[in-house]
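Enquirer: no sequence on this one, just coordinates:
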Ligand SMILES: [Zn+2]
């Protein structure tokens, strides 16, 4: 499945609260954390070893710049410096399996 398809299908991305107003992050919303977000977070925690809610907390605490710096390090392949796919768990560049789960 391509990236564009994933984004189109994502309910969070098309969240009405997100589109109206000038919100950049879910935690800026009065409904935060809303049901769809909690649902998605649970799915990602069990399937992909990441948590959107944790990430949002981190962004709120550290600011987005520091958060991205951390994330960049986390998702960089230790073998070749390529990018690790959160869904498949392997490096896009060298195909080495990084996340075991
Ligand atoms: Zn690699």
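Expert: Perfect, I can see it now. Here the structure is a predicted model, which means the values were calculated and not measured.

Enquirer: which of the helices or strands spans residue 42?
Expert: Here residue 42 sits within helix 35-48, counting by DSSP states H and E.

Enquirer: which residues of the protein lie near the ion?
Expert: 77, 79, 80, 82, 91, 93, 94 (CB under 5 Å from the ion). C-betas here are computed from N, CA, C, even on glycine.

Enquirer: ok, which pair from those is furthest apart?
Expert: 79 and 93 (8.6 Å; CB to CB).

Enquirer: any stretches of the chain with poor pLDDT?
Expert: Along the chain, the model assigns pLDDT under 70 to residues 1-14, 16, 18-21, 100-101.

Enquirer: can you map out the helices along it?
Expert: Counting by DSSP state H, the chain has helices at residues 3-9, 16-19, 35-48, 52-62, 64-74.

Enquirer: those helices: which one's closest to residue 86?
Expert: Smallest distance to residue 86 across the helices of the chain (CB to CB): 5.2 Å, for helix 35-48.

Enquirer: give me the helices and strands touching that closest one, please.
Expert: helix 52-62 (3 or more CB pairs under 8 Å, 6 or more residues apart in numbering; DSSP states H and E).
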